[in-house]
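S.K.: need a 3D model of the following:
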Amino acid sequence: MKKFNIYVQDNCPYCDEIIIPKGLDVTKVYINRDDFDGFRPSNVPCLQTKTFQLEGPAQINELLNLIK
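M.R.: Numbers count the residues shown, from 1 in each chain. Now for the predicted structure:
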């Protein structure tokens, strides 16, 4: 199964709505932390793959549940 990164930040109520089902290889990447250096989406939460990008907890949760 492909690994997914979900870009989030601390103290974000929308980011806290993300529900990662057990068994999926998903990593939360915190873009506001000092040790982060890389892609910074304009909106969080954001799930990005090679071919598309999803923003918002409802869309991300729906995709993760479909994959599960």
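
S.K.: who touches stretch 34-41?
M.R.: Tyr7, Val29, Tyr30, Ile31, Gln48, Gln53, Glu55 (Cβ atoms under 8 Å, 6 or more residues apart in numbering). The C-beta positions use only the backbone N, C-alpha and C, and glycine is treated the same way.

S.K.: for stretch 20-27, same thing?
M.R.: If you take Cβ under 8 Å, 6+ apart as the criterion, stretch 20-27 is touched by Met1, Lys2, Lys3, Phe4, Asn5, Ile6, Lys28, Leu64, Asn65, Ile67, Lys68.

S.K.: which of those fall within strands?
M.R.: Using DSSP state E, the subset of the contacts of stretch 20-27 located in strands is Phe4, Asn5, Ile6, Lys28.

S.K.: Ser42: which of those is nearest?
M.R.: Of all the ones in strands among the contacts of stretch 20-27, Ser42 sits closest to Ile6, with 15.0 Å by Cβ to Cβ.

S.K.: who's that closest one bridged to?
M.R.: Beta-bridge partners recorded for Ile6 (DSSP bridges): Lys28, Leu47.

S.K.: that one contacts Gln53, correct?
M.R.: No - contact status for Ile6 versus Gln53: not in contact, 11.0 Å apart, counting by Cβ atoms under 8 Å.

S.K.: more crowded one of the two?
M.R.: Ile6 (20 against 11; other Cβ atoms under 10 Å).

S.K.: OK, contacts around that one?
M.R.: Ile18, Ile20, Val26, Thr27, Lys28, Val29, Pro45, Cys46, Leu47, Ile60.

S.K.: try 10 Å this time
M.R.: Contacts for Ile6 (Cβ atoms under 10 Å, 6 or more residues apart in numbering) come out as 15, 18, 20, 26-29, 44-48, 54, 57, 60, 64.

S.K.: filter these down to the buried ones.
M.R.: Applying 16 or more other Cβ atoms under 10 Å to the contacts of Ile6, the neighbour count classes 15, 18, 20, 26, 29, 44-48, 54, 57, 60, 64 as buried.
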